[in-house]
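Student: Generate a structure from the sequence data that follows.
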Amino acid sequence: MAKARNGTLQAAVFNLKSARSEVAGSLGSFLPTLTPVYRYDSTRTRFQTGTGGATGSGSGADDSFDITAGWRILDSGERLATLSSSRKSAESSEQSALNSLRQVLFQVHDRYLNALRANELLRVQLAQEKRASEILKATEARVQVGDAPAKDILQARADALNARASVLQAQSRERNAMADLKAVIGWSVPSASPELQSVAAEAAPPADETLEQAIQRGFQNRADLAAARKRIDASRSNLRLTEIQSGVTWNLDLQFRKAFAPGVSERSALAFEASMPLFDGFRSKERVRSQRFSLKAQEANYEQDLLDARAEIEAAYSEVRVNLERLAASEAALKAAQENYEAAIEAQRLGAGDVIAVLTAQISLVTAESNAVEARYDWLISEIRLRLVTGEPLPGEEE
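Tutor: As a prediction, the model looks like this:
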């Protein structure tokens with residue numbers, strides 16, 4: 001849906017089509033031209049001969065039709081430089097479009113997983129609210145029979161109210177996450193939301209790859225870096241074109257013209273022309289300087305792009321490994337918290353435990369449940385982010 005409706009992707013596609021049209025136009029300068037021209041003149045003339053002389057008028061009509069064929073056989077290199085620049089620009093646009101696609105796909109994965117995360121966290125809070133309500137009821141019952149002090153109700157009631165506040169917060173988070181997802185996929189039904197399916201993924205150890213290998217893979221494969229390199233190549237071609245135009249330029253043209261009215265005539269010519277801007281207020285010289293500075297600026301930006309890409313890859317590489325450890329630790333903590341909560345509930349049922357122990361166990365359980373959800377989705381998103389920053393195809397790219 002995002003590939004079909006996302007505005008950023010649509011803009012990238014149109015930019016690519018525009019760049020390809022520029023290439024086609026540059027290629028056209030190497031081909032002959034054929035131009036038919038039809039002309040019709042209707043004239044009316046009024047005249048007077050001398051002061052107070054005779055006056056008169058006349059009218060007439062004339063038409064003509066001719067065809068001119070032309071072909072620039074050779075030139076001083078402007079057409080080749082222009083073609084090279086347009087081709088490099090088109091290649092840059094292709095990589096930019098691919099980068100836009102991957103960025104949007106990452107946003108889809110990220111927001112889809114965050115929407116699922118918000119949904120699961122809401123279920124955790126709803127379960128917490130239910131447990132808190134049951135504990136409050138059980139505490140009230142124990143106080144009524146004199147099995148617990150009345151002050152225990154205050155703590156149980158506070159915990160139940162806190163649980164309700166957490167549910168409301170989780171509901172708000174879920175709505176916001178769904179709104180973000182609908183925006184990136186171009187969802188067009190404001191009053192409804194897409195139905196999400198859970199993502200089944202087993203935690204697998206990260207690839208046996210060093211950080212430096214991941215960085216070099218990213219430098220080679222990232223579409224944004226490839227687009228920047230192509231833009232630099234296009235700027236070099238533009239600089240070459242400007243240098244040519246600031247010096248001696250020449251061209252050799254072949255032309256044939258045939259006229260059909262009022263009489264039939266033919267004319268052919270082979271023309272050579274050379275020119276040089278002897279003095280133009282230093283405009284040609286400054287255009288060359290400007291292009292050189294522009295090229296240096298793009299090269300400096302590219303060096304910074306490499307530093308930024310390295311930082312992104314280092315962060316994503318580390319994040320995948322840390323999140324995998326977090327996932328294992330949170331799953332173990334959740335299992336322990338569940339056993340502790342069950343034990344606290346059983347102890348309270350048997351009269352060997354108080355409400356404080358149960359509430360403490362409940363807080364540990366909801367914390368462990370939330371941590372497990374956060375760790376799972378952080379790991380899933382970090383896996384996708386590592387693929388993005390190292391220039392790997394993302395799921396959905398080839399579908």
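Student: Next up, the contacts around the residue nearest to residue 234 when sequence neighbours are not counted.
Tutor: Spatial nearest neighbour of residue 234, chain neighbours left out: residue 88 (3.7 Å); criterion: C-beta to C-beta, 6 or more residues apart in numbering. C-beta: built from backbone N, CA, C; applies to glycine. Applying C-beta atoms under 8 Å, 6 or more residues apart in numbering to residue 88 gives the contacts 230, 231, 233, 234, 237.
Student: Can you report how many residues neighbour residue 372?
Tutor: Using other C-beta atoms under 10 Å as the criterion, residue 372 is surrounded by 22 other residues.
Student: Neighbours of residue 272, how many?
Tutor: 10.
Student: these two touch, right, it and residue 252?
Tutor: Yes: using C-beta atoms under 8 Å, residue 272 is in contact with residue 252, at 5.1 Å.
Student: overlap in contacts of the two?
Tutor: In contact with both residue 272 and residue 252: no residue, using C-beta under 8 Å, 6+ apart.
Student: before we move on, the earlier item: quick one: which of the contacts of residue 88 sit in strands?
Tutor: Counting by DSSP state E, the contacts of residue 88 place none of their members in strands.
Student: show me where the chain has helices.
Tutor: 2-5, 7-28, 78-144, 151-185, 211-221, 223-245, 283-349, 355-389 (DSSP state H).
Student: Measure how the second one sits relative to helix 223-245, angle-wise.
Tutor: Relative orientation of helix 7-28 with respect to helix 223-245: 30 degrees, computed using axes from the mean of the first three to the mean of the last three C-alpha atoms, to 10 degrees.
Student: For helix 7-28, which helices and strands make contact with it?
Tutor: When contacts are defined as 3 or more C-beta pairs under 8 Å, 6 or more residues apart in numbering; DSSP states H and E, helix 7-28 sits against helix 78-144.
Student: Could you count how many residues lie near the spatially closest residue to residue 47 that is not a sequence neighbour?
Tutor: Leaving out its chain neighbours, the residue that sits closest to residue 47 by C-beta to C-beta, 6+ apart is residue 56, at 5.6 Å. Here the number of neighbours of residue 56 (other C-beta under 10 Å) works out to 10.
Student: Read off the pLDDT value for residue 56.
Tutor: With respect to pLDDT, residue 56 scores 71.
Student: residues in contact with residue 139?
Tutor: 148, 152, 153, 156, 355.
Student: Ignoring the adjacent residues along the chain, who's closest to the residue nearest the centre of the chain?
Tutor: Among the residues of the chain, the one closest to the centroid is residue 100, at 3.1 Å (C-alpha atoms, centre = their mean). Excluding its sequence neighbours, the residue lying closest to residue 100 (C-beta to C-beta, 6+ apart) is residue 12, at 3.9 Å.
Student: so who does the one you found touch?
Tutor: 93, 96, 97, 100, 101.
Student: what separates the closest residue to residue 377 other than its chain neighbours from residue 15, distance-wise?
Tutor: Distance criterion C-beta to C-beta, 6+ apart; nearest residue to residue 377, sequence neighbours excluded, is residue 117 at 4.1 Å. Noted for residue 117: a distance of 34 Å to residue 15, by C-beta to C-beta, to the nearest Å.
Student: buried residues in stretch 390-399?
Tutor: 390, 391, 394 (16 or more other C-beta atoms under 10 Å).
Student: Please tell me how far the first one sits from residue 226.
Tutor: Translated: residue 390. Distance from residue 390 to residue 226, by C-beta to C-beta: 13 Å.
Student: circling back to that earlier point, is it true that the residue nearest to the centre of the chain touches residue 7?
Tutor: No: applying C-beta under 8 Å, one finds residue 100 not in contact with residue 7, separated by 10.6 Å.
Student: what helices or strands is the longest strand belonging to the chain leaning on?
Tutor: Among the segments of the chain that qualify as a strand by DSSP E, the longest is strand 55-75. With contacts defined as 3+ C-beta pairs under 8 Å, 6+ apart, strand 55-75 has these neighbours: strand 33-48, strand 249-261.
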